[in-house]
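Novice: no sequence on this one, just coordinates:
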């Protein structure tokens, strides 16, 4: 656990990992806090807007029961179990039970279609699935193509009272008949616990296999970005789905590790006013708000004087100076940006109290993580030069491998470094500035141009709500910069406005970086995690 001890450099110098040989996330995130005092773990806001608290004692009881159900139905150590559920208590119960049983959970996003679900269940060889009625409706038509999937558990009163197909069991009914006593498997810290699939923006998604120690690896980054988390009275919430590493390991499991209550709420669609209302009503103190959520809140000009956040963290894409200024204006605090990816997450971050936040920078290396900027061969480049963000191994937050893809795993490394595929530079003070994905870099007339700086500049224009920048083919310059722009309310597309935006970038950045092409659009294509799909924009031409 990070403790204030002076400067950032002193914190880096004093940090030491303490990873035990035997370690189980289910015990760590739940059972050790189940001491009979009914300390709150979850605050669940259901679809009727009623808030129902769940204590660590209840989660231990229910996850033990479900672990017994899974084992009785044949789930063995190392087997995979899919979890296709939104933010709700059953999601936490299922993960904890799978961890305790020594099996491996496979989080699945509820908005996935049948093809996406089938690919992940088939690829992982999942033998069990926990879902709700909406998920079951997607899975039943493809079940015959999933021979490994022998047991499905359905959450909800409808499943309890209705007739179910063979191999499908009511989650609640199964818990009622199971024992609350379960001896958790003595897993090693390096044993597999999770298979989290990448978003698949550059091809088929790959299953990143993480060990139980991944939770311990996330703690320094979470503690840093939330200003030496936890503080008395902290309550956490994120609209990010728990199926993604951001929702699951940037907030949910680290908060439970520290016995800090987590607000759980199923948002069918992110609503800025609803988000503000939730944080105000339930006294949320610590929020992980992805960039897309923050931009939507800014665009909607939401305010709520009853919101009393202590910290906001954000990651996934750079926010830029305008968004940071907006956060300071609306919430009275600096948004702490962080950086990571599914394979090696939360390794760079900020704490505005510990060191100055520099707009446009992702922050500095989180204590415990050796982060460098290297070339394709794994050799560190001079400070200020652009290269590949890389993390030295071993590192407890680093994935074990890609599921059943040894060649892809090998390509992910250069010597002792994991190569993220993201480009950045690092200054003399250790701040990292994100440039873009290696495949997002624009090569125009010999200039290497990253989209991030241009997008940040565009966001400062009075008419621009959201912008995405890509390179498109050009006979003379090889590529030119093209900007796709969603306008703010009150502005309409026109050639005159496009020229004004182009001139704005020329004046604020450079002549070679201004968008020679501008396209106005109603919305940008986003991945399920809210990241801009630049590949799709490039395909549009």
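Specialist: Now that the structure is in, tell me what you want to look at. Quick caveat: nothing in here was measured; it's all calculated off a predicted structure.

Novice: from here on, contacts and neighbour counts on C-alpha atoms
Specialist: Will do.

Novice: Counting residues, which helix of this protein comes out longest?
Specialist: Longest helix in the chain by number of residues (criterion: DSSP state H): helix 56-72.

Novice: chain center to that helix: distance?
Specialist: Averaging C-alpha positions (CA atoms, centre = their mean, to the nearest Å) puts helix 56-72 26 Å from its chain's average.

Novice: what's the next secondary structure element after it?
Specialist: Using DSSP states H and E, the helix or strand that follows helix 56-72 in sequence is strand 80-84.

Novice: Pull up the pairing partners for that following strand, direction included.
Specialist: Strand pairing for strand 80-84, determined by DSSP bridges: strand 104-107 (parallel), strand 128-132 (parallel).

Novice: Mean neighbour count, these: which tops it?
Specialist: strand 104-107 (a mean of 27; mean count of other CA atoms under 10 Å).

Novice: Can you give the contact residues for the very next helix or strand once past that strand?
Specialist: Downstream of strand 104-107, the first helix or strand assigned by DSSP H and E is helix 114-124. For helix 114-124, the external contacting residues (CA atoms under 8 Å, 6 or more residues apart in numbering) are 80, 82, 106, 108, 138-139, 142, 146, 148-149, 195, 197, 207, 403.

Novice: picking that back up, mind listing what's buried along the longest helix of the chain?
Specialist: Buried residues in helix 56-72, defined by neighbour count with 16 or more other CA atoms under 10 Å: 56-71.

Novice: Against which helices or strands is that helix packed?
Specialist: Judged by 3 or more CA pairs under 8 Å, 6 or more residues apart in numbering; DSSP states H and E, helix 56-72 is in contact with helix 89-100, helix 171-176.

Novice: tell me the most buried of those helices?
Specialist: Most buried of those by mean neighbour count (mean count of other CA under 10 Å) is helix 89-100; its value is a mean of 26.

Novice: the inter-axis angle of that one versus helix 56-72?
Specialist: Angle, helix 89-100 to helix 56-72, by axes from the mean of the first three to the mean of the last three CA atoms, to 10 degrees: 60 degrees.

Novice: Quick check: mean pLDDT of helix 89-100?
Specialist: Averaged over helix 89-100, pLDDT sits at 98.

Novice: so how far is that helix from its chain's centroid?
Specialist: The chain centre lies 19 Å from the centre of helix 89-100; the measure is CA atoms, centre = their mean.

Novice: So which residues make contact with it?
Specialist: In this structure, residues lying in contact with helix 89-100 by CA under 8 Å, 6+ apart are 24-27, 29-30, 42, 44, 54, 59, 62-67, 70, 81, 83, 85, 104-105, 130, 155, 183-185, 193, 264.

Novice: Who are the contact partners of residue 427?
Specialist: Neighbouring residues of residue 427 by CA under 8 Å, 6+ apart: 383-384.

Novice: Report pLDDT for it.
Specialist: 97.

Novice: what do you get for the one 4 residues further on?
Specialist: The score at residue 431 is 97. That number is its pLDDT.

Novice: How many neighbouring residues does it have?
Specialist: 21 (other CA atoms under 10 Å).

Novice: Report the separation between it and residue 384.
Specialist: 10 Å (CA to CA, to the nearest Å).

Novice: try residue 361
Specialist: 13 Å.

Novice: okay, those two: which has more neighbours?
Specialist: Counted by other CA under 10 Å, residue 361 and residue 384 do not tie: residue 361 has more neighbours, with 24 against 14.

Novice: From what I see, the more buried one and residue 432 are in contact.
Specialist: Yes. Residue 361 is within contact range of residue 432, at 5.6 Å (criterion: CA atoms under 8 Å).

Novice: Can you measure across stretch 343-354, start residue to end residue?
Specialist: Using CA to CA, the span of stretch 343-354 from its first residue to its last is 27 Å.

Novice: Run through who's touching it.
Specialist: Stretch 343-354 is contacted by residues 7-8, 208, 218, 221-222, 224-227, 245, 250, 334, 336-340, 357, 362-366, 369, 371, 391, 397-399, 432 when judged by CA under 8 Å, 6+ apart.

Novice: Drop anything exposed from the residues you listed.
Specialist: Using 16+ other CA under 10 Å as the burial test, these include 8, 208, 218, 221-222, 224-227, 245, 250, 334, 336-340, 357, 362-366, 369, 371, 391, 397-399, 432 as buried.

Novice: What sits closest to the residue most central in space within the chain if chain neighbours are left out?
Specialist: Nearest to the centroid of the C-alpha atoms of the chain, with distances taken as CA atoms, centre = their mean, sits residue 246, at 1.8 Å. Computed as CA to CA, 6 or more residues apart in numbering, the closest residue to residue 246 that is not its neighbour in sequence is residue 240, at 6.7 Å.

Novice: Could you check how many residues crowd around the one you found?
Specialist: 23.

Novice: I figured it hits residue 251, correct?
Specialist: No. Residue 240 is beyond contact range of residue 251, at 9.3 Å (criterion: CA under 8 Å).

Novice: list residues touching both of these two?
Specialist: Common neighbours of residue 240 and residue 251 (criterion: CA under 8 Å, 6+ apart): residue 288.

Novice: that older thread, redo the strands paired with strand 80-84 as a markdown table? Include mean pLDDT and distance to residue 462.
Specialist: What follows is those, written out as a markdown table (pLDDT from 0 to 100; distance: least, CA to CA, whole Å):
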| stretch | mean pLDDT | distance to residue 462 |
| --- | --- | --- |
| strand 104-107 | 98 | 40 |
| strand 128-132 | 98 | 44 |
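
Novice: In TSV: these, plus distance to residue 285.
Specialist: Formatted as TSV, the strands paired with strand 80-84 follow (distance: least, CA to CA, whole Å):
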stretch	distance to residue 285
strand 104-107	26
strand 128-132	30
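
Novice: now for these, which one comes closest to residue 420?
Specialist: Within the strands paired with strand 80-84, the stretch nearest residue 420 is strand 104-107; the backing value is 21.8 Å (CA to CA).

Novice: domains of this protein?
Specialist: Split into domains by automatic domain parsing, the chain comes to 25-39+54-187, 440-540.

Novice: Span of the last one from start to end?
Specialist: Right, domain 440-540. End-to-end distance of domain 440-540 (CA to CA): 15 Å.

Novice: Report the rounded mean pLDDT for it.
Specialist: The average pLDDT for domain 440-540 rounds to 85.

Novice: Distance from it to the middle of the chain?
Specialist: Put simply, domain 440-540 sits 25 Å off its chain's centre (CA atoms, centre = their mean).

Novice: likewise the first one?
Specialist: Distance, stretch centre to chain centre, for domain 25-39+54-187: 21 Å (CA atoms, centre = their mean).

Novice: Quick check: which element contains residue 391?
Specialist: Short version, using DSSP H and E: residue 391 is in strand 387-392.

Novice: what distance separates that strand from the centre of its chain?
Specialist: Per CA atoms, centre = their mean, the displacement of strand 387-392 from the mean C-alpha position of its chain is 19 Å.

Novice: contact partners of it?
Specialist: Contact with strand 387-392 is made by 344, 369-376, 378, 381, 416-425, 438, as judged by CA under 8 Å, 6+ apart.

Novice: Repeat that for stretch 531-541.
Specialist: Residues contacting stretch 531-541 (CA under 8 Å, 6+ apart): 201-202, 292, 316-317, 440, 468-472, 484, 524-527.

Novice: can you check stretch 286-303 too?
Specialist: Taking CA under 8 Å, 6+ apart as the rule, stretch 286-303 contacts 226, 234-240, 250-251, 270, 272-273, 276, 309-319, 323, 326, 330, 465-466, 488, 530-531.

Novice: Look at that stretch and report the distance between its end residues.
Specialist: Termini of stretch 286-303 sit 17 Å apart (CA to CA).

Novice: Okay, buried residues for it please.
Specialist: Applying a neighbour-count criterion of 16+ other CA under 10 Å, one finds 286-299 buried in stretch 286-303.

Novice: Of all these, the one with the weakest confidence?
Specialist: Lowest pLDDT of those: residue 292, 80.

Novice: Where does that residue sit, in terms of helix or strand?
Specialist: Using DSSP H and E, residue 292 sits within helix 291-299.
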